[in-house]
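got a predicted model here, sequence first, then my questions.
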Amino acid sequence: DAKTTQPPSMDCAEGRAANLPCNHSTISGNEYVYWYRQIHSQGPQYIIHGLKNNETNEMASLIITEDRKSSTLILPHATLRDTAVYYCIVSPRGGGFKTIFGAGTRLFVKA
Amino acid sequence: GAVVSQHPSWVICKSGTSVKIECRSLDFQATTMFWYRQFPKQSLMLMATSNEGSKATYEQGVEKDKFLINHASLTLSTLTVTSAHPEDSSFYICSARPDRATEAFFGQGTRLTVV
């Protein structure tokens, strides 16, 4: 079973920041927080990951609470092309570990 | 980043026939690959873990005799849907993660339609 809880859908205005929350209260010490997104009829795409520190890359920022029980993915300037389903996943590192998907959040970016 | 490629991107087959889907890691070796199935407006459901040189591990409820998985090399895993029926119509996705990488890489998916 998925170890994360996300809101089923969110709206965001184009050009504004999109803040997607995720609850992972049962996360283990060796598990990372990963975010992926899936644009319609495509395979999932990696966005960002973190262990306990906040992270930023060219796509997004990841804010992880100090107790690691929740996190927020931030898309700083959402565009129409960011409309997708966003999945928050917890998993250890390494090639043999499964990536188990929950229901995700369907983000609609509106003009 | 690493690339995982699936072939074909879409396929239509008749009921009762079998169809093979290939998943290749193009620039890394993968001792483990994963197969998912996704129905419309649903999330990805893990079907099985493909292990190079050994038998695949299937998730509960997935029929191993219907979904044959072969992982004959470190860069190729295949999923064969045997005796396909219309209810097997779905979007099939594979993934792999290089051992030293932190993230998983996914194929573009294969849309199977059984008529």
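Good, I have the coordinates.

most distant residue from the centre of chain B?
B:Arg100 (21.9 Å; C-alpha atoms, centre = their mean).

so where does that one fall, helix or strand?
Assessed by DSSP states H and E, B:Arg100 sits outside every helix and strand.

ditto for B:Glu63
Using DSSP H and E, B:Glu63 falls outside every helix and strand.

residues from chain A in reach of chain B?
A:32, A:34, A:36, A:38, A:41-46, A:49, A:85, A:87, A:93-104 (C-beta under 8 Å from any C-beta of the partner chain). Quick note: C-beta positions are derived from backbone N, CA and C, even for glycine.

returning to what we had before: now the residue farthest from the centre of chain B: how far from A:Arg93?
9 Å (C-beta to C-beta, to the nearest Å).

same deal with B:Phe91?
In terms of C-beta to C-beta, B:Phe91 sits 27 Å off from A:Arg93.

surely A:Ser41 and B:Thr110 touch.
No: when contacts are counted by C-beta atoms under 8 Å, A:Ser41 is not listed as touching B:Thr110 (11.0 Å).

need the overlap of contacts for these two.
Here A:Ser41 and B:Thr110 have B:Phe91 as joint contacts, going by C-beta atoms under 8 Å, 6 or more residues apart in numbering or on different chains.

between those two, which has more neighbouring residues?
Comparing A:Ser41 with B:Thr110 by other C-beta atoms under 10 Å in any protein chain shown, the one with more neighbours is B:Thr110, at 23 against 12.

so for that one, what's the pLDDT?
Note for B:Thr110: predicted pLDDT of 98.

was I right to think it contacts B:Trp10?
Yes: look at B:Thr110 against B:Trp10 with C-beta under 8 Å: they come within range, at 6.7 Å.

any idea which residue is closest to the centre of chain A?
With distances taken as C-alpha atoms, centre = their mean, A:Trp35 lies nearest the centre of chain A, 3.4 Å away.

beta partners of that residue?
Beta-bridge partners for A:Trp35, by DSSP bridges, are A:Ile48, A:Cys88.

quick one, what contacts the residue of chain A found nearest chain B?
Nearest residue of chain A to chain B, counting by C-beta to the nearest C-beta: A:Gly43, 3.6 Å away. Going by C-beta under 8 Å, 6+ apart, A:Gly43 touches B:4, B:6, B:93, B:95, B:106-109.

out of the residues you listed, which is nearest to A:Glu55?
B:Phe106 (20.5 Å; C-beta to C-beta).
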